[in-house]
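Sequence and predicted structure, then a few things I'm wondering about:
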Amino acid sequence: SLDEGVGRLLETLRKTGVEDRTVVFFLSDNGGPVGVNGSTNTPLRGAKGSVYEGGIRVPFVARWKGKWRPGVRKDPVISLDLFPTIMGLAGAAAPAGVRLDGRDLSALLAGSPAAGKVRERQLFWRTGGGVSYAMREGNYKLVKAPGKASAELYDLAADIGETRDLAASEAARVKRMEAALAE
């Protein structure tokens, strides 16, 4: 029914002649609740409510017919990017003194070389009332999970399932990322 509903929405935009003037975003707030409704996050580790990839990596689809090139991007983005993107598209700026957590994704979605700025950042997550934390920097992800004495570190480019903890062999990176997470 979700596919049918999205299809009806897109068809209505086409039929009413506003398809090329309408930006459509589609995303979820978290990964599937494994064991509850038949969801599977394979090959990702974790589920809804966790800071592992199975809890935070979700589909993100952005469409602006005639403006943005179709295709698949692997750049990490976060839902906090929606507001700055919409503001940028509308030609609006944040009020003086207001710092937005997200980034304007317009250049990325348009396929512009300026999109590299999106990749050069840190992303942060927190869940469970503040008992679980994660931070991503490039391909590396630091995880502080409840019940774990120390932080875990994963290279998502080589290990999307977060099965090989690199914290012991990358102690300096862990220390630097923990400091950024604490800040």
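Arrived safely. Numbers count the residues shown, from 1 in each chain.

Report pLDDT for Gly35.
Gly35 is assigned 85 on the pLDDT scale.

residues touching the closest residue to it other than its chain neighbours, list them.
Leaving aside its chain neighbours, Gly35 sits nearest to Ala47 (7.4 Å; criterion: Cβ to Cβ, 6 or more residues apart in numbering). In this view, the C-beta of every residue, glycine as well, is placed from N, C-alpha and C. Applying Cβ atoms under 8 Å, 6 or more residues apart in numbering to Ala47 gives the contacts 31-35, 39, 41, 54-55.

Give me the subset of those that lies in helices.
Among those, the residues falling in helices (DSSP state H) are 54-55.

now the helices for this protein?
Going by DSSP H, the chain shows helices at 2-15, 53-56, 82-90, 106-110, 116-119, 171-182.

and among the ones you listed, the most buried is which?
The highest mean neighbour count among the helices of the chain, using mean count of other Cβ atoms under 10 Å, belongs to helix 53-56: a mean of 24.

who touches that helix?
With Cβ under 8 Å, 6+ apart as the test, helix 53-56 has contacts from 30-32, 34, 41, 44-50, 125, 127, 134, 141, 156, 160-162.

can you give me the end-to-end distance of stretch 80-96?
Length of stretch 80-96, first residue to last, Cα to Cα, to the nearest Å: 19 Å.

Quick check, pLDDT for the residue nearest the centre of the chain.
In the chain, the residue lying closest to the centroid (Cα atoms, centre = their mean) is Ile78, at 3.3 Å. Note on Ile78: pLDDT of 91.

who touches stretch 93-101?
By Cβ under 8 Å, 6+ apart, stretch 93-101 touches 80, 83-84, 87.

Likewise for stretch 170-181?
122, 124, 133, 135, 137, 140, 142, 144, 151, 153, 167.

roughly how far apart are the nearest residue to Ser28 once chain neighbours are set aside and Glu120?
Among residues not flanking Ser28 along the chain, Val58 sits closest, at 4.0 Å (Cβ to Cβ, 6+ apart). Distance of Val58 to Glu120, computed by Cβ to Cβ, to the nearest Å: 22 Å.

between those two, which one's more packed in?
Val58 (17 against 9; other Cβ atoms under 10 Å).

quick one: contacts for that one?
27-31.

Mind putting the contacts of stretch 93-101 into CSV with distance to Lys15?
Output for those, formatted as CSV (distance: Cβ to Cβ, whole Å):
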residue, distance to Lys15
Leu80, 33
Phe83, 29
Pro84, 31
Met87, 29
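
Closest one of the residues you listed to Leu9?
For these, the minimum distance to Leu9 (Cβ to Cβ) is 21.1 Å, reached by Phe83.
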